[in-house]
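> Return a 3D structure for these sequence lines:
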Amino acid sequence: MNNRRILLTLKYTAVMSAVMVVALIIIYVMSDGARRATFCNTLRSEAITKANLFLENRVDAETMQHIYLNNTQFINEVEVAVYTRDFQMLYHDAAEHDIVKETPEMIDEISHKGEIDISVGNGYQAIGVLYNEKYVITAAAYDGSGEANMHSLLVLLTCIFLVSILFMLAVGYYLANITIRPIEHALSSQRMFVSNVSHELRTPLAAITAELDLALSRERTPEQYQQSLMRSLDDAHRMTLLIDGLLNLAKADYGAHGITMELLRIDELLLDSREQLLHAHPDYTVNISFDEDAIDADADFTINANEYLMNIALKNLIENNCKYSSNKTSNILITTIENGICITLSDSGKGMTTEEQRNIFQLFYRGTATGQRGHGIGMALAQKIITLHKGKIEVKSKPGYGTSFCVKIPNT
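Below is the predicted model of the structure:
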């Protein structure tokens, strides 16, 4: 399972890293686009300003060229050139170091389109602008500040990506762990379930086989054959009860969405459960009573439940009382609680230890008091059914003082 954790972690990290790379690339590309657009505005403004100064004779060409050459020693100065639409150069900041390298075709394209971006390479950015419908201006410069910012952004995004990988590895391992842990638990429970079921089925099957082998080993009287068949039949009944319990346990695992719910009165369910139980065990006694305050208040004893499953849960709890009580009696008290009903089922049996109370709802668990009379399914099934009905079941017991089950179920 540890290899699966690592594999899930790596898969998660790979997927999230790919998403992160795409996101960071988008951020970088959009940032560079914004930088280029901002610098284009700077070039346009510088080009128009210089062209305006030159064309209106505010500053002569020699002075402007001198300023340009001095500025290039300290900053990335914009190189500006002014042409007529028929490719006659009127002004150039540095014709001998021409960055744009204008051509008649380029000037003609600017004249027709009004403005274009010019690709000049070496990290320079350039534009061409039509000015006053008569002149064509080109401007080019290196965006040193913008490129430095983009380099810093690239370093930052790379660091974020590397740190994110470490974070994603940690998160991926955590998610893989919480994903696989329930699976491991389920597999472990399944192995235990299969092992217990195999053991429970093997015992009566082995008894039936041994009994039949013994009966066939030599001639016997009809009475002896009858006794052998009765013992085999008892073992077959045990198998039937076990299989019925397992089938009911499977039904309880469907979930509330997979079973039919209807409005039922809890007192009627208890009466039905008592009747069915007494029919199978005439020596049992089941006493049902109501809390006087609940009767006076005209309490609502209606619950939303599946009749079949709830009947099984109540019968299991009542039978547990009767089976392990010295007088085979279960005393049931129905009371109301806030937003629900409480059913207390008590007996006067020998009680349970703390360990037995802690494990009584575990599947296939049988305490010291049960001997070999049960399969350890009834209490687990009862709890599962009660939980399915959004209720809860509590057990209170003390050795020598009997046991009480408190079932709390929301009413309608």
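> Quick one, grab the pLDDT at residue 271.
In this model, residue 271 is scored at 93, pLDDT.
> For the nearest residue to it once chain neighbours are set aside, which residues count as its bridge partners?
Distance criterion C-beta to C-beta, 6 or more residues apart in numbering; nearest residue to residue 271, sequence neighbours excluded, is residue 288 at 7.0 Å. Heads up, the C-betas are built off the backbone N, CA and C, glycines and all. Counting by DSSP bridges, residue 288 is bridged to residue 332.
> mind checking how far residue 288 is from residue 273?
Distance, residue 288 to residue 273, by C-beta to C-beta, to the nearest Å: 10 Å.
> again with residue 341
Plainly put, residue 341 is 15 Å away from residue 273 if you go by C-beta to C-beta.
> for residue 105, same thing?
From residue 105 across to residue 273, the span is 98 Å (C-beta to C-beta).
> Between these two, which has more neighbouring residues?
residue 273 (23 against 9; other C-beta atoms under 10 Å).
> OK, contacts around the closest residue to that one other than its chain neighbours?
Residue nearest to residue 273 in three dimensions, not counting chain neighbours: residue 314, with 4.1 Å by C-beta to C-beta, 6+ apart. Listed by C-beta atoms under 8 Å, 6 or more residues apart in numbering, the contact partners of residue 314 are 269, 270, 273, 343.
> Turn these into TSV, including secondary structure.
Putting those into TSV (DSSP: H, G, I helix; E, B strand; the rest coil) gives the following:
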residue	secondary structure
269	helix
270	helix
273	helix
343	strand
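> Redo the residues you listed as TSV? Include distance to residue 187.
Below are the contacts of residue 314 laid out as TSV (distance: C-beta to C-beta, whole Å):
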residue	distance to residue 187
269	36
270	39
273	36
343	36
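> between those, which is closest to residue 171?
Each of the contacts of residue 314 was checked against residue 171 using C-beta to C-beta; the closest is residue 343, at 45.8 Å.
> any idea how far that closest one is from residue 336?
11 Å.
> Who has more neighbours out of those two?
residue 343 (24 against 18).
> Ignoring the adjacent residues along the chain, who's closest to that one?
Among residues not flanking residue 343 along the chain, residue 407 sits closest, at 4.4 Å (C-beta to C-beta, 6+ apart).
> looking at this structure, which helix or strand does the model trust least?
One helix or strand of the chain scores below all others by mean pLDDT, DSSP states H and E: helix 292-296, with a mean of 63.
> hang on, the earlier thing: what sits against the residue nearest to residue 343?
Contacts of residue 407 (C-beta under 8 Å, 6+ apart): 313, 317, 342, 343, 344, 345, 386, 391, 392, 393.
> Compute the number of surrounding residues for the nearest residue to residue 291 once chain neighbours are set aside.
Excluding the flanking residues, the one nearest residue 291 by C-beta to C-beta, 6+ apart is residue 335, at 3.9 Å. Counted with other C-beta under 10 Å, residues neighbouring residue 335 total 18.
> you'd agree residue 335 is up against residue 301?
No - contact between residue 335 and residue 301 fails when scored by C-beta atoms under 8 Å: they sit 10.2 Å apart.
> Can you show me the strands along the stretch 251-400 of the chain?
262-265, 285-290, 302-305, 329-337, 340-346, 392-397 (DSSP state E, counting those that start in this stretch).
> Where does pLDDT dip in the stretch 251-400 of the chain?
Applying pLDDT under 70 to the stretch 251-400 of the chain flags the ranges 251-258, 293-299, 367-375.
> quick one: the closest residue to residue 362 other than its chain neighbours and residue 366, what's the gap?
The spatially closest residue to residue 362, leaving aside those adjacent along the chain, is residue 380, at 6.4 Å (C-beta to C-beta, 6+ apart). Distance, residue 380 to residue 366, using C-beta to C-beta: 11 Å.
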